[in-house]
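Undergrad: Next one to model:
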Amino acid sequence: MGQAYICHYEDHWFALRKIGTTWFVLNSLFKTPRIVSETFMELYITQLYTEGWSIYLVEGQLPSCAADNVPREFWNEARRSRKFENDLEKALALSLNESAQPWIASNSPDDELTATSASLSKQTEELELQRALEESLREANRLKSLKTAESSMVHEAMKQSLQKPEESAASTSMSGKCQSKDDQNSQSSSSSLRK
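TA: The predicted structure follows:
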């Protein structure tokens, strides 16, 4: 695994960054950076990729920062403290009979990640549905234009077929005259052969 990743889906970008020995999700949708375990990180990257996110590995040496030297225990304590603060905010909001904000209602960073992924998955499904509807409309319009063309061809054929009996009667009488002249010629040539 690398030290950092940049994730992109449609108009949203966020970073996954390892600081010291701890992985963080640095996402503007969250109130604070989210700490994730190494195991969860691998699963999360796989999930994002499966959902259609573009994931870019940041290569090279990243600049050092003061947080690189902070022990993992501090981050775990900060995570517990933040969870306690979130629980306290949630209880306060409920006691005041106010609806809690979405970021207050979340129990853990993993819940927020799951909710974000579910939201993006729903958006993806909606886009696929929209594309399918557009394709269906295009196909319906194509079939309608084919039907219109076919209908006008049938109309033209019917129009021509109504005109043909008159023309064919005229051509039949002309061919009859031609035949009678031909018959006369053949009869005269036959009679001259007999003589």
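
Undergrad: Rounded mean pLDDT for the host helix or strand of residue 157, please.
TA: Assigned by DSSP states H and E, residue 157 falls within helix 109-194. Averaged across helix 109-194, pLDDT comes to 65.

Undergrad: any idea of the pLDDT on the residue nearest to residue 19 when sequence neighbours are not counted?
TA: Leaving aside its chain neighbours, residue 19 sits nearest to residue 67 (4.6 Å; criterion: CB to CB, 6 or more residues apart in numbering). In this view, the C-beta of every residue, glycine as well, is placed from N, C-alpha and C. If you check residue 67, the pLDDT there is 72.

Undergrad: mind checking how far residue 67 is from residue 26?
TA: Noted for residue 67: a distance of 12 Å to residue 26, by CB to CB, to the nearest Å.

Undergrad: try residue 133
TA: 36 Å.

Undergrad: who has more neighbours, those two?
TA: The neighbour comparison of residue 133 against residue 26 (other CB atoms under 10 Å) goes to residue 26, with 15 against 10.

Undergrad: Tell me the first helix or strand C-terminal of the longest strand anywhere in the chain.
TA: Counting by DSSP state E, the longest strand found in the chain is strand 12-19. Using DSSP H and E, the helix or strand that follows strand 12-19 in sequence is strand 22-26.

Undergrad: For that following strand, buried residues please.
TA: Within strand 22-26, the residues that count as buried by 16 or more other CB atoms under 10 Å are 22, 23, 24, 25.

Undergrad: partners of it, with directions?
TA: Applying DSSP bridges, strand 22-26 is found paired with strand 12-19 (antiparallel), strand 34-36 (antiparallel).

Undergrad: Buried residues, the longest one. List them.
TA: In other words, strand 12-19. Using 16+ other CB under 10 Å as the test for burial, strand 12-19 gives 14, 15, 16, 17, 18, 19.
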